[in-house]
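Novice: 3D, please:
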Amino acid sequence: MNDLSLTILAETANDAQIIERLHARTFGPGRYVLSAYRLREHVGHLLDLSFTARIGTLLVGSVRQLPICVGDTPALLLGPLTVEPPFRSRGVGRKLLDRAIADARKKGHKLIVLVGDEPYYRRVGFKAIPKGNVTMPGPVDQNRLLVLELVEGAAAGLAGAVRPDWDAAKS
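Specialist: The predicted model follows:
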C-alpha cells in the first residue's frame with residue numbers, strides 16, 4: 001500500500017454509523033459480551049483520541065480510546081482497533097496505533113490499557129499487566145490485559161478495578 005493513499009484522521013460524530021458497521025463485520029455480535037465492551041456501554045470514547053483510516057473516502061480502519069481509571073489511576077482504554085479484512089497486514093492497524101499513542105502522549109495522558117494479543121501490541125511497547133493486579137468488569141483472559149506507559153514509571157503499582165473515568169468523560 002502506498003503511504004500517500006492512506007489518511008489517518010480524528011474521528012468525528014459523523015463517522016459513528018460507518019464505524020459501527022465495521023465493528024459488526026469484523027467482530028460480530030459476540031463483541032457485546034466482552035469486558036471492554038461493558039466499559040464502552042457506560043462511557044463514550046474521546047473523539048480527539050480516536051481515529052479513522054481512509055483510502056480516499058473509503059473508511060478502512062478505526063481505533064478508539066476512552067477514559068478509564070484503574071483503581072484511582074487515570075488511564076485510557078484503547079480499542080477496538082479494527083481494519084477491514086482486505087486491508088489487513090498492510091500497516092493500517094499500526095498507523096492507527098501510532099497516531100492514537102502519539103496523540104495521547106501529546107495530550108498528557110500517562111497510561112493506555114487494552115485487552116489484546118501481546119505479541120502484536122508488544123511491537124509498540126505494550127506489556128502484560130501482572131496477573132491479579134487489575135480486574136475488568138466481567139471475565140477477561142489475564143494474559144491479554146496489557147499496559148503502555150506514556151510516561152516512564154506510570155504503571156508502577158498499577159492495581160485495582162477498571163471503571164469509566166466519569167470526570168475525564170465530561171471534560
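
Novice: which residues of the protein fall in strands?
Specialist: For the chain, strands defined by DSSP state E occupy the ranges 6-10, 51-55, 58-70, 73-83, 111-115, 127-128, 134-135, 145-149, 160-164.

Novice: for the chain, which helix is longest?
Specialist: helix 92-106 (DSSP state H).

Novice: Show me what it is packed against.
Specialist: Packing partners of helix 92-106 (3 or more C-beta pairs under 8 Å, 6 or more residues apart in numbering; DSSP states H and E): strand 6-10, strand 51-55, strand 58-70, strand 73-83, strand 111-115. (Each C-beta comes from the backbone N, C-alpha and C, glycine too.)

Novice: mind checking which of those strands is nearest G160?
Specialist: Smallest distance to G160 across the helices and strands packed on helix 92-106 (C-beta to C-beta): 5.4 Å, for strand 58-70.

Novice: quick one: strands adjacent to the closest one?
Specialist: strand 51-55 (antiparallel), strand 73-83 (antiparallel), strand 160-164 (antiparallel) (DSSP bridges).

Novice: Just want the angle from the first one to helix 92-106.
Specialist: If you take axes from the mean of the first three to the mean of the last three C-alpha atoms, to 10 degrees, strand 51-55 sits at 140 degrees to helix 92-106.

Novice: same deal with the last one?
Specialist: On the basis of the same axes, to 10 degrees, strand 160-164 is oriented at 100 degrees to helix 92-106.

Novice: What sits closest to the spatially most central residue of the chain if chain neighbours are left out?
Specialist: Residue closest to the average C-alpha location in the chain (C-alpha atoms, centre = their mean): L78, at 1.6 Å. In space, L78 comes closest to L114 once its chain neighbours are excluded; the distance is 4.3 Å by C-beta to C-beta, 6 or more residues apart in numbering.

Novice: Tell me which residues touch that neighbour, please.
Specialist: For L114, the contact set (C-beta atoms under 8 Å, 6 or more residues apart in numbering) comprises 36, 77-79, 121, 126, 146, 148.

Novice: same thing but 6 Å
Specialist: 78-79, 146 (C-beta atoms under 6 Å, 6 or more residues apart in numbering).

Novice: Same list (the residues you listed) but as JSON lines, adding pLDDT and distance to A16.
Specialist: Output for the contacts of L114, formatted as JSON lines (pLDDT from 0 to 100; distance: C-beta to C-beta, whole Å):
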{"residue": "L78", "pLDDT": "94", "distance to A16": "18"}
{"residue": "G79", "pLDDT": "84", "distance to A16": "16"}
{"residue": "L146", "pLDDT": "96", "distance to A16": "26"}
